[in-house]
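Participant: The following block contains a protein sequence and its predicted model.
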Amino acid sequence: MTRTPVPDAVAFEITTTPFDERYRPSATSRSTTNFANLARGEDREENLRAVLAMIDRRFDELTRGDAPPSDRHRVTLEIVSADLCFTADGEDVRFPMFEMLASRVHDAVTGSNVEGVVGHNFSSYLRDHDFSVLLPRHTASGAPGDVPDGFGELHGALFRRLLESEAYRSRFTTDPVICLSVSTSRTYTRGTHRHPVLGVEYHQDAPSRTDDYFARMGLSVRHFMPDGAVAPLSLYHSGDLETRHTDVALASLIATMETFQRIYRPEIYHATTPAGATFRPSLENPDHTVPPISYDRVERTDLAREQGRYAEEHLMTPHADLLRQWAAAAPSTDREDTR
């Protein structure tokens with residue numbers, strides 16, 4: 001594990017941990033993080049070996065233009081954990097704020113190692129609080145509006161400050177690309193645009209609540225279904241997705257997150273019938289197979305509520321005002337020109 005120093009009274013500290021078959025979730029890692037869920041229980045090593053092999057096979061499928069051997073590439077992953085560190089009431093506070101993944105690709109033929117993408121999966125205690133505590137409370141109260149006023153504003157501001165921080169900028173040369181499942185509340189229509197790795201682009205009938213939430217983080221969304229896939233993925237990004245990232249980097253992203261989604265949401269991503277010209281994803285789809293990898297989706301939902309309450313008790317109730325002031329004082333930085 002490597003660390004960057006904390007330079008200011010309020011700052012981010014980033015740690016990285018290899019995600020391999022020996023990975024064990026740390027005490028500060030969100031229990032609902034999908035890769036942490038895979039790494040618990042008696043089958044943890046078997047789970048992890050199977051997942052990593054699936055990622056490598058899918059990467060080779062996506063980059064088979066020059067017909068390389070099937071075991072040519074190996075995608076390596078690191079967990080990127082960003083803790084928020086600050087002083088409040090004379091005491092030092094450390095809170096695990098965000099977790100993502102960073103990928104690299106090793107080519108066994110050339111011996112080269114190529115930088116992939118940072119982002120992939122995305123998890124946040126504060127996001128758990130917003131969606132699993134704050135939003136249900138707002139709905140139950142009968143207050144007007146689909147979401148509370150300012151929903152996601154602090155989370156978005158803190159994420160933008162992370163990207164502007166020295167801790168992040170000293171490690172990564174591009175902003176994150178986050179790849180999630182498409183929304184089951186939206187309909188997707190296949191377009192004509194096609195990318196050599198991302199595949200055919202789909203267009204959404206209306207923004208989802210997650211789209212709005214990620215927009216506060218400074219991220220736009222596009223939806224693509226790669227060749228060989230059965231459903232489109234949602235890619236949240238800044239700047240021009242297709243020109244700011246190499247095909248190899250995008251292939252590492254798709255190989256990793258499509259593999260995870262086949263495990264997390266097999267009703268959509270391990271369906272027998274691929275998405276057609278018009279697609280409405282459903283978790284009630286019986287036409288699918290379940291990969292032989294242990295994953296407890298019910299546990300993950302329950303833990304999201306628990307961790308949302310933890311964030312309320314240890315972050316929002318005692319420190320929300322301080323963090324809002326700090327986030328609002330963020331310097332103006334044009335990342336489009338500096339990345």
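Facilitator: Everything's here; your move.

Participant: Count the neighbours of the closest residue to residue 107 other than its chain neighbours for me.
Facilitator: What sits nearest to residue 107 in space, not counting adjacent residues and going by Cβ to Cβ, 6 or more residues apart in numbering, is residue 73, at 5.9 Å. C-beta coordinates here come from the backbone N, C-alpha and C atoms, glycine included. By other Cβ atoms under 10 Å, 24 other residues sit near residue 73.

Participant: Which pLDDT value goes with residue 73?
Facilitator: Here, the pLDDT recorded for residue 73 equals 82.

Participant: same thing with the one 5 residues further on?
Facilitator: With respect to pLDDT, residue 78 scores 93.

Participant: about what we covered before: the residue nearest to residue 107 contacts residue 61, correct?
Facilitator: No: using Cβ atoms under 8 Å, residue 73 is not in contact with residue 61, being 10.4 Å away.

Participant: Buried residues in the helix or strand harbouring residue 60, which are they?
Facilitator: Per DSSP states H and E, residue 60 falls inside helix 44-62. Buried residues in helix 44-62, counted by 16 or more other Cβ atoms under 10 Å: 44, 47-48, 50-52, 54-56, 58-62.

Participant: And the residues you listed, which is the shakiest by pLDDT?
Facilitator: pLDDT is lowest at residue 44 among the buried residues of helix 44-62; the value there is 73.

Participant: Check the gap between that residue and residue 202 for me.
Facilitator: According to Cβ to Cβ, to the nearest Å, residue 44 stands 35 Å off from residue 202.

Participant: Now the helix holding residue 60 - C-alpha only, CSV.
Facilitator: C-alpha atoms of helix 44-62 as CSV (Å, rounded to 0.1, in the frame of the first residue of the first chain):
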residue,chain,number,x,y,z
ARG,A,44,-13.0,-15.6,-1.8
GLU,A,45,-9.8,-16.8,-3.6
GLU,A,46,-11.7,-18.9,-6.1
ASN,A,47,-14.1,-15.9,-6.8
LEU,A,48,-11.2,-13.5,-7.3
ARG,A,49,-9.2,-15.9,-9.6
ALA,A,50,-12.4,-16.5,-11.7
VAL,A,51,-13.2,-12.8,-12.0
LEU,A,52,-9.6,-11.8,-13.0
ALA,A,53,-9.5,-14.6,-15.6
MET,A,54,-12.9,-13.3,-17.0
ILE,A,55,-11.5,-9.8,-17.3
ASP,A,56,-8.4,-10.9,-19.2
ARG,A,57,-10.4,-13.0,-21.6
ARG,A,58,-12.8,-10.2,-22.3
PHE,A,59,-10.0,-7.7,-22.8
ASP,A,60,-8.5,-10.0,-25.5
GLU,A,61,-11.9,-10.3,-27.2
LEU,A,62,-12.2,-6.5,-27.4
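
Participant: So which elements touch it?
Facilitator: helix 34-38, strand 73-88, helix 247-264 (3 or more Cβ pairs under 8 Å, 6 or more residues apart in numbering; DSSP states H and E).

Participant: ranking those by burial, who's on top?
Facilitator: Of all the helices and strands packed on helix 44-62, helix 247-264 carries the top mean neighbour count, a mean of 24, counting by mean count of other Cβ atoms under 10 Å.

Participant: Now do that one against strand 73-88: the angle between them, please.
Facilitator: 80 degrees (axes from the mean of the first three to the mean of the last three Cα atoms, to 10 degrees).

Participant: outside of the following helix or strand past helix 247-264, which residues touch it?
Facilitator: Per DSSP H and E, the first helix or strand lying C-terminal to helix 247-264 is helix 266-269. The contact list for helix 266-269 (Cβ atoms under 8 Å, 6 or more residues apart in numbering) reads 181-182, 184, 229-231, 258, 261-262, 281-285, 288-291.
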